[in-house]
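K.L.:
Generate coordinates for the sequence data below:
(one chain, ligands or ions: 1)
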Amino acid sequence: MNGRLQNKVAIVTGAGQGIGAAIARAYADAGAKVVVAELRAETGNGVAAEIGGSFIQTDVTKQADVERCVAHTLERFGRIDVLVNNAGANVFHRPHEMPRSEWARCMALDLEACWAMAEAVLPTMRQKATGAIVNIASSHSFKIIPHTFPYPVAKHGLIGMTRALGIEYAADGIRVNAIAPAYIDTEIAQAYWAGFPDPAAERLKAEKLHPPGRIGRPEEVAMTAVFLASDEAPFINAETIIIDGGRSALFHD
Ligand SMILES: NC(=O)c1ccc[n+]([C@@H]2O[C@H](COP(=O)([O-])OP(=O)(O)OC[C@H]3O[C@@H](n4cnc5c(N)ncnc54)[C@H](O)[C@@H]3O)[C@@H](O)[C@H]2O)c1
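P.N.:
Just a heads-up that it's a prediction; the model follows:
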């Protein structure tokens, strides 16, 4: 335990696997009390048990679940210092082939749920005049890969929301920041590659896109999530930290 989040209570959505699970583990290591707000009971319970946290089954797209999650956290721990909006899913289509219901599914999970969770924790954060919200955005928040619509629309929106809420509540002692990872080695990425005829070749292609010649690890996103939630980042607000090994700075010829 390194104490960087000592005495802080954090909700991490979608913490049953992947980046969210890595953040939950890193937060617990840093001394935080962690609420694992996850749709799937099996993985959510597993992570919570492993880190000594508290699992609450939560579908972040359902308002009643959002409210139950926040009420559970306050009942159990009495305060909420950190919210990590991590739950998300790839919704990838060619725009003109996309059923309209897919637009709604993507916006509900990848954008609106982040606001619903933020809205639900704001009253207690404002009352205590302290809080940190960390939104997990993406490289898709800045650049477009064809045939991935409307995921980048939602992830661009999440940056806008990060800035808007960061400005709106700065004077209340609340910081709102985002992390924009490139390819990270999680189930979501593996499922994406699995959709290609040669998944191994697709993975290799993704690795080569990044200057270090590899993709990122969930733990590398978690390190930044600890930093942004901690008292080491008191004047960082409405900002997005890109974790991509330098990919976005690379000029492709
Ligand atoms: N993996 C990457 O390469 C990558 C890159 C950039 C951004 N991201 C973003 O990081 C976040 C996490 O991605 P990941 O790769 O760990 O994904 P993942 O699919 O491995 O994990 C997502 C988790 O969220 C949970 N979840 C899904 N819908 C939910 C809902 N309605 N309510 C509560 N929980 C729900 C899932 O059960 C799962 O445990 C997402 O927002 C994703 O868009 C991922």
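K.L.:
List the beta-bridge partners for the nearest residue to residue 234 once chain neighbours are set aside.
P.N.:
Spatial nearest neighbour of residue 234, excluding adjacent residues (Cβ to Cβ, 6 or more residues apart in numbering): residue 175 at 7.7 Å. All C-beta atoms are positioned from the backbone trio N, CA, C, and that covers glycine. Note on residue 175: beta-bridge partners by DSSP bridges are residue 132.
K.L.:
Let me see the backbone angles for the closest residue to the ligand within the stretch 51-200 of the chain.
P.N.:
Per Cβ to the nearest ligand atom, the residue of the stretch 51-200 of the chain with the smallest distance to the ligand is residue 88, at 2.3 Å. Per-residue torsions, residue 88: phi -170, psi 170 (degrees, to the nearest 10).
K.L.:
Might you report the residue contacts of the closest residue to it other than its chain neighbours?
P.N.:
Leaving aside its sequence neighbours, residue 88 sits nearest to residue 110 (Cβ to Cβ, 6+ apart; 4.9 Å). Residues near residue 110 by Cβ atoms under 8 Å, 6 or more residues apart in numbering: 88-89, 91, 151, 154-155, 158.
K.L.:
which of these has the most neighbours?
P.N.:
Of all these, the highest neighbour tally under other Cβ atoms under 10 Å goes to residue 88, namely 27 neighbours.
K.L.:
residues in contact with it?
P.N.:
By Cβ under 8 Å, 6+ apart, residue 88 lies in contact with 14, 109-110, 136, 188.
K.L.:
For residue 75, the count of nearby residues, please.
P.N.:
Per other Cβ under 10 Å, the neighbour tally for residue 75 reads 8.
K.L.:
buried sites along the helix or strand where it lies?
P.N.:
When elements are assigned from DSSP states H and E, residue 75 belongs to helix 63-77. Residues 65-66, 68-70, 72-73, 77 are the ones in helix 63-77 that count as buried (16 or more other Cβ atoms under 10 Å).
K.L.:
Which other helices and strands does it contact?
P.N.:
strand 9-13, strand 33-38, strand 54-57, helix 113-128 (3 or more Cβ pairs under 8 Å, 6 or more residues apart in numbering; DSSP states H and E).
K.L.:
before we move on, the earlier item: dump the residue contacts of the residue nearest to residue 234.
P.N.:
131-133, 166, 228, 233-234, 236-237.
K.L.:
what separates it from residue 104, distance-wise?
P.N.:
Using Cβ to Cβ, to the nearest Å, residue 175 is found at 31 Å from residue 104.
K.L.:
just residue 200 next, same as before
P.N.:
Distance, residue 200 to residue 104, using Cβ to Cβ: 34 Å.
K.L.:
more neighbours, those two?
P.N.:
More neighbours surround residue 104 than the other of residue 200 and residue 104, with 14 against 9 (other Cβ under 10 Å).
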